[in-house]
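Colleague: Sequence below, structure please.
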Amino acid sequence: MNIRFDRFPNGVNKAVTLSFDDGREYDRRLVQLFNQYGLKGTFHLNSAFFGRESYIEASEVAELFKGHEVSIHTTHHPFLEQSPQEQVVFQVVQDRHALESLVRYPIRGMSYPFGTYNESVIEQLRSIGIEYARTVSSHGSFHMPEQWLAWHPTCHHKNMLEAADQFLTLQHRHSRMSLLYVWGHSYEFENDQNWELVEQFGEKISGRNDIWYATNAEIVAYMNALQALRFTMDGTVIHNPTAMDVWISVNDRAVEVKAGNLMDLA
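Modeller: Numbering: from 1, shown residues only. This next block holds a predicted model:
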């Protein structure tokens, strides 16, 4: 029995996620474009900056990002690797608490301010229940992260069109999960006057039945559920103890394992 963890929801092998930082006023236009093209975004916000010039208001967060994900970017955007341990914890926990009070769901992910971190910061995040943290170290590829707390994206949005072309034509000798992860800042579209990049990206990548469009948190939750599957030693019986349906390959065939089900492949 050849079993592989190489499938996203609906048995597809490809996923797309987008991640934008800081909570600037141009997020409004970006969200509108994402909604137009059916794209999913994760928006990492600094709660202390709400209401400042060129930033969004706290009162609009829940409705603005409905259908997307609100995530931590720390309260005041410090260099975490240069901060005392107490400040790291405070900045993350305070931001989480403030954002959760607005969106009314648990927040377990973040992006690093300035993209900087070290192993001590990673350990502190792990100790307070943070599940993922995005860096700014683009690798230009489409592999899944080796470590969720140092989640490197595919590319900055300035390179999103080239990455989309490569992603759409991507083929592997053996099927595997492939993720296109784009990061950036909405104000950069305004500064560079290149909002057409989002529209061209949406036209290229959206509306496909062979791609899963997901937020950062949705990808992490799905992968956790996938890793929680239980197997007999010969691989013929599978138990899914989670509340999430997942997909795997069995002898190169896509198989759905329903939430809570015990499946006998024999």
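
Colleague: now the strands for the stretch 151-266 of the chain?
Modeller: Applying DSSP state E, counting those that start in this stretch to the stretch 151-266 of the chain gives strands spanning 155-156, 178-184, 211-213, 230-231, 237-239, 246-250, 253-257, 262-264.

Colleague: So in that sheet, which strands flank the second one, and in what orientation?
Modeller: Neighbouring strands of strand 178-184 in its sheet, by DSSP bridges, are strand 14-21 (parallel), strand 155-156 (parallel).

Colleague: which of these is buried the deepest?
Modeller: The highest mean neighbour count among the strands paired with strand 178-184, using mean count of other C-beta atoms under 10 Å, belongs to strand 14-21: a mean of 24. In short, each C-beta sits where N, CA and C put it, glycine included.

Colleague: Spell out the residue ranges of the helices in the protein.
Modeller: Ranges of helices in the chain, per DSSP state H, are 27-37, 61-64, 85-103, 119-127, 160-168, 186-192, 196-205, 216-227.

Colleague: Any idea how many residues pack against His174?
Modeller: Look at His174: counted by other C-beta atoms under 10 Å, it has 8 neighbours.

Colleague: next one: Phe79
Modeller: When neighbours are counted by other C-beta under 10 Å, Phe79 registers 12.

Colleague: What residues does it make contact with?
Modeller: Pro113, Phe114, Thr116 (C-beta atoms under 8 Å, 6 or more residues apart in numbering).

Colleague: What's the mean pLDDT across stretch 112-132?
Modeller: Mean pLDDT, stretch 112-132: 98.

Colleague: go on, stretch 138-149?
Modeller: Computed over stretch 138-149, the mean pLDDT rounds to 97.

Colleague: Ser206 is nearest to which of the strands paired with strand 178-184?
Modeller: Closest to Ser206 of those is strand 14-21 (C-beta to C-beta; 8.6 Å).

Colleague: That closest one vs helix 196-205, what angle?
Modeller: Strand 14-21 and helix 196-205 are oriented at 160 degrees to each other (axes from the mean of the first three to the mean of the last three C-alpha atoms, to 10 degrees).

Colleague: So what angle separates the directions of strand 14-21 and helix 160-168?
Modeller: Going by the same axes, to 10 degrees, strand 14-21 makes 160 degrees with helix 160-168.

Colleague: re the thing from before, take the strands paired with strand 178-184 and lay them out in TSV including mean pLDDT and distance to Ala62.
Modeller: Formatted as TSV, the strands paired with strand 178-184 follow (pLDDT from 0 to 100; distance: least, C-beta to C-beta, whole Å):
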stretch	mean pLDDT	distance to Ala62
strand 14-21	98	17
strand 155-156	98	28
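
Colleague: out of the strands of the stretch 151-266 of the chain, which comes closest to Ala98?
Modeller: Across those, closest to Ala98 is strand 178-184 (C-beta to C-beta), at 22.4 Å.

Colleague: Contacts for the closest one, please.
Modeller: Identification of contacts with strand 178-184 by C-beta under 8 Å, 6+ apart yields 13-21, 111, 134, 136, 138, 142-144, 151, 153-158, 160, 163-164, 167, 170, 172, 201, 205, 219.
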